[in-house]
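[1] From the sequence below, what's the structure:
(one chain, ligands or ions: 3)
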Amino acid sequence: MKFHVTTMGCQMNVGDGDWLARSLIAAGFTQAPEAEAECFILFTCSVRDKPEQKVVSEIGRIADRNRHNPNAFIAVGGCTAQQLGTTLWRRFPMVRLVFGTDGIAAAPRALARLAEEPQLRLSLLDFSEAYPERDQSWPDDKLPPKAFVSIMQGCDNYCAYCIVPFVRGRQKSRPLPSVIAECQSLASRGVREVTLLGQNVNSYGLDDAGDGASFAKLLDAVAAVPGIERIRFTTSHPKDLSDEVIERFAALPQLCPALHLPVQSGSDDILRRMGRRYDTAAYLTLVEKLRRACPDIALTSDFIVGFPGETRADFEATLELVRKVGFDSGFSFMYSDRPGTASEKLAPKILPEEKSARLAELQALLDERLAASLAARLGRREVVLIEGESRREGTLGATWRGRDPGGRVVNVPLPAGADYAGRFVAVRIVQAKKHSLVGEAEADHD
Ligand code: SAH
Ligand code: SF4
Ligand code: F3S
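    Ligands and ions are numbered 1, 2, ... in the order given. As a prediction, this is how the structure comes out:
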């Protein structure tokens, strides 16, 4: 059966989508463009209103397009599936599987059954006590150079605005030996860079499902896997970022000099009302320690504007913090009420016009920061891990796209006649564009 995966939301969904696609291929399914598929799999996000509306419109669109094909069916996974559950069946008869994050391990078998039994509907929505280990026994094929590795599931923080703890369940760490075994297996099939994934990776190991190993110990163990040359991780909560982990930025050459450390707001009052359990002074101390351990570290962040009760002065404190820290870039979002969260009941709500004006102002500042941080790279020598071709091959060669250790996109023109994907190429940065850099190859670093 031909399947097509559509992924919305964060890297957790991307990682889950990659795993499910690989499992289905191993089980004899074929990955196909949407126009040719009969089994449609959606990984969905509920973090704000908009993505949730998009889920509903996507299901409607696929159902409409395939209404004359009796074999076509839809499987909905991820956070909106967990939230809306089997109500999706009633609304969209073509949906025959809904699965949550803990249900995904059983999704390949469920999809195989659905392909055989056209009358069947299945739901995999239970949360489990332990991290649900997923089958990793792939055929020995070559993989792209970068992979996501899930190290935990769920979140216990219950930040006032956030739906994630409700849709991803309580925090459950994956045992260290399983994480390492997956990294070894990925490395043996060509993966050179792993991104360790969890909603709050710095509290890895601290829940009942953990086996006592801390996140810092996990980083040491991943760094010791032969073939893994770059390690990144996301997401980090400032309240849990330990000195041990900060020291690893100095001690482990494999750990990339880049950290996404969402601050959300620059106002202590708003941070308190968000339930984030740190203040701006504590955040600035972390930044100082990080820069001491790793002077070249690229810092990025998430911001929410228009949290209930956010005054103009609160918002200006956020702008001020962005200037003070000198983030390399950041994502900013308009606050949106999520069902069941604590801030849904908080007042006063900020008017949509005001929220979008604040968003535009913050976004402009973050764009400025990005431009400045890219311009500051001019003339530097970097090693770029090439991911793929970025422009069509001409007679002189093609431009390849990769990332520097800080995570910035670098385009590198390279001579024709070779596949550079997965290679490390030493470059000199010769141009800074709006969102990326251009590098000139110096020598093959493989
Ligand atoms: N676990 C991660 C983030 C998960 S959600 C962390 O703690 O950083 C990704 C981002 O979405 C958050 O950092 C936040 O900036 C934003 N977000 C979450 N809930 C939101 C809401 N209700 N409205 C607007 N933005 C939200
Ligand atoms: Fe949401 Fe907060 Fe958990 Fe991040 S740490 S997923 S923002 S509850
Ligand atoms: Fe969205 Fe779920 Fe990720 S709500 S941001 S897909 S954890």
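
[2] The closest residue in space to C294 that isn't next to it in sequence: which element?
    Nearest residue to C294, sequence neighbours excluded (Cβ to Cβ, 6 or more residues apart in numbering): F249, at 3.9 Å. All C-beta spots, glycine's among them, are computed from the backbone N, C-alpha and C. F249 belongs to helix 243-251 when assigned by DSSP states H and E.

[3] do D302 as well
    Assigned by DSSP H and E, D302 belongs to strand 298-305.

[4] what sits against T80?
    By Cβ atoms under 8 Å, 6 or more residues apart in numbering, the contact list for T80 reads 44-46, 51-52, 55, 167.

[5] Let me know whether the strand holding D302 sits next to ligand 3.
    No: using Cβ under 6 Å from any ligand atom, strand 298-305 stays clear of ligand 3, coming no nearer than 10.3 Å.

[6] looking only at pLDDT, what's the mean for the helix or strand that that strand is followed by?
    Next helix or strand after strand 298-305 toward the C-terminus (DSSP H and E): helix 312-325. Helix 312-325 comes out with an average pLDDT of 98.

[7] Now do helix 312-325: everything it contacts.
    The contact list for helix 312-325, computed with Cβ under 8 Å, 6+ apart, reads 263, 265-270, 280, 283-284, 287, 299, 301, 303, 305, 330, 358, 361-362, 365-366, 369.

[8] again, but for stretch 14-28
    Here stretch 14-28 makes contact (Cβ under 8 Å, 6+ apart) with 3, 5, 7, 31, 41, 43, 77-78, 101, 104, 107-108, 111-112, 134-135, 137-139, 147-150, 197.

[9] Now the buried members of those residues.
    Listed as buried from these are 3, 5, 7, 41, 43, 77-78, 101, 104, 107-108, 111-112, 134, 147-150, 197; burial here means 16 or more other Cβ atoms under 10 Å.

[10] mind checking pLDDT for the residue in the stretch 201-350 of the chain that ligand 2 sits nearest to?
    Residue nearest to ligand 2 within the stretch 201-350 of the chain: H237 (5.0 Å; Cβ to the nearest ligand atom). Here, the pLDDT recorded for H237 equals 98.

[11] now the stretch 151-300 of the chain, which segments are flagged as low pLDDT?
    Nowhere does the stretch 151-300 of the chain drop to pLDDT under 70.

[12] could you pull out the helices for it?
    Under the criterion DSSP state H, counting those that start in this stretch, the stretch 151-300 of the chain contains helices at 164-168, 176-188, 215-223, 243-251, 268-274, 280-293.

[13] Now narrow the buried ones among the contacts of stretch 14-28 to whatever sits close to ligand 3.
    By Cβ under 6 Å from any ligand atom, the members of these lying near ligand 3 are G78.

[14] Okay, and which of the buried ones among the contacts of stretch 14-28 map to helices?
    107-108, 111-112 (DSSP state H).

[15] Would you format those residues as CSV with pLDDT included?
    Below are these laid out as CSV (pLDDT from 0 to 100):
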residue, pLDDT
A107, 97
P108, 96
L111, 97
A112, 96
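
[16] ok, so of these, who is nearest A426?
    Of all these, A426 sits closest to P108, with 40.9 Å by Cβ to Cβ.
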